[in-house]
Structures are given as C-alpha cells and as structure tokens.
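Participant: Below: sequence and its predicted model.
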Amino acid sequence: MPAVPVSATPSPLPPLSRRPVRSDGLSRAQLRGVVAAIAAIHLGAGWAILQVPAVREAVVQAAPIFVDLIAPPAPPTPPAPPPPPVRPVTRTPPPPTPLVTAAPSPAPAAFVAPPPPVELPPPPAPVAVEAPPAPPAPPAPPKQIPASAVRYLKAEPPEYPRASKRLKEAGSVVVRVWIDEGGLPQSVQVGKSSGYPRLDEAAIDAVRRFRFEPYTENGRPSAGWALIPLNFDMEK
C-alpha cells in the first residue's frame, strides 16, 4: 500500500459564513418576513372585526376620555398705590431782630411843694329814720246772717212763669241777698240754680221786693248776707 505523503504545511480551511444560522434552518431575513406576515394577518383580522357596527359602537363607547384639569388663572395683582406726593418744605425766614434803641433819659422833674393839708368838715349827725306805718288791717270777711235770724216784714211768693207751667218746669232756687242795716235787699243773686233760667229770674225778682227786719248784734243793727230758699211746685 503506497504511503500517503504528509505535507508539513496544512492546507487552508474554507472560509466561514458570518450569517447566523438558526437551529430551525431559517435565516434572519426569512424570520422577519414571517413576523411581518403574522402582523399583517392580525391587522387584517382586527380591521375586519371593526367593520361590524356593534363592535365599532362598543369600541367607541369604551374609548377613554382624558380631561386635563387646569387651575384658574390667578387674579391680577392690583397695582401698588402711587407714593404720596412730597410736599416741598417751605422754610420760613426768621423774623428780623428789632433794633433796640436806648430811650432818652427823662429830664429831672421840677420840685413842687405839696399843698397844705385840707381840714375835712365833721361828719353829719345821724338822722333818725321813722318806722313805716303798719299796714291797714284787712277788711273783715262778709258777715253771714244765720237762717234762723232772718225775719220777714214783707215776703210775697214769686210769680210762676207761664212758659214754665206750660213746659212743666219745677224746682228749688236758693237766692243769696245782701241785707243792709235797714233791712232792705241791696244785692240779689242766685246761690243755687233750679236748672231753669226762667225760674231763677222769677225768684230774684220776688226777693228784690222783700223787706226784712234789721239784723242786730249786741243791740246794734248789722248788715250781712242771707240765703233765701224758694220752691216752684206746680201741684201747689
């Protein structure tokens, strides 16, 4: 058997390809094509499903709504008040200093001798002042003659007025009369009315014609007031 010659220098190996080889036998380019095909199939299936009206409305309703909450703008800052105007300071000039002039010295007064003392007359003697006279005593109050002391010399009953009879006016009148020292009525007035002026006048007219015995005190005639009652009764 012939011997196989062995070269001292080994023969070079064939060059290796840099393209990676997967265990399933697919290259990277083929793998990309497969992924693209699968994605296209899913997109087509999803587009077909979205063409169904019920599915489309469900997707639209389920779509989330995003709302951004924006804070309201801050109110504008009011402008700063203007600084108060600066008043100019007016300096008042000091008042002028008055010039003081020395007053002229007065001339010495001439000596005048004092007048001789005047003798005053003696004070007059005090004059006695007479005391004023005492005021007159107040007049005595009018005297009232008691009813039991009135004595009649002439006392005609009063005349009943016809109008009072027709109107059936009746009543009592108390007449107040001033009787002088001679027993004559001097002043006649109504002390208590009957309520009817006609009856009052008839009573006054009747008392004016009365005559009385003079009223006496300590044996001397005295004047005074007396009360004379008169009745107007239609049944009598």
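Facilitator: Nice, I can see it.
Participant: May I have the lengthiest helix in the chain exported as PDB, CA atoms only?
Facilitator: Secondary structure of the chain read by DSSP state H shows that its longest helix is helix 28-50. C-alpha atoms of helix 28-50 as PDB (Å, rounded to 0.1, in the frame of the first residue of the first chain):
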ATOM      1  CA  ARG A  28     -32.800  36.400   9.800                       C
ATOM      2  CA  ALA A  29     -34.400  37.700   6.700                       C
ATOM      3  CA  GLN A  30     -36.800  34.800   6.400                       C
ATOM      4  CA  LEU A  31     -37.700  35.300  10.100                       C
ATOM      5  CA  ARG A  32     -38.600  39.000   9.500                       C
ATOM      6  CA  GLY A  33     -40.800  38.000   6.600                       C
ATOM      7  CA  VAL A  34     -42.700  35.500   8.800                       C
ATOM      8  CA  VAL A  35     -43.200  38.100  11.600                       C
ATOM      9  CA  ALA A  36     -44.400  40.700   9.100                       C
ATOM     10  CA  ALA A  37     -46.900  38.200   7.600                       C
ATOM     11  CA  ILE A  38     -48.200  37.300  11.000                       C
ATOM     12  CA  ALA A  39     -48.700  41.000  11.900                       C
ATOM     13  CA  ALA A  40     -50.400  41.700   8.600                       C
ATOM     14  CA  ILE A  41     -52.800  38.800   9.300                       C
ATOM     15  CA  HIS A  42     -53.700  40.100  12.800                       C
ATOM     16  CA  LEU A  43     -54.200  43.700  11.500                       C
ATOM     17  CA  GLY A  44     -56.500  42.400   8.700                       C
ATOM     18  CA  ALA A  45     -58.500  40.400  11.200                       C
ATOM     19  CA  GLY A  46     -58.800  43.300  13.600                       C
ATOM     20  CA  TRP A  47     -59.900  45.700  10.700                       C
ATOM     21  CA  ALA A  48     -62.500  43.100   9.600                       C
ATOM     22  CA  ILE A  49     -63.800  42.800  13.200                       C
ATOM     23  CA  LEU A  50     -64.100  46.700  13.500                       C
END
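Participant: Quick check: what element follows the helix or strand bottoming out on mean pLDDT in the chain along the chain?
Facilitator: Using mean pLDDT, DSSP states H and E, helix 53-62 stands out as the lowest-scoring helix or strand of the chain, at a mean of 61. Sequence order places strand 152-154 as the next helix or strand after helix 53-62, per DSSP states H and E.
Participant: Which positions in that next one come out as buried?
Facilitator: Residues of strand 152-154 include none that count as buried (16 or more other CB atoms under 10 Å). Glycine gets a C-beta too; all of them are placed from N, C-alpha and C.
Participant: Any regions of this protein where pLDDT drops low?
Facilitator: The chain contains residues with pLDDT under 70 at 1-26, 50, 54-74, 86, 88-90, 93, 96-115, 118, 137-142, 236.
Participant: Many thanks, I have nothing further to ask.
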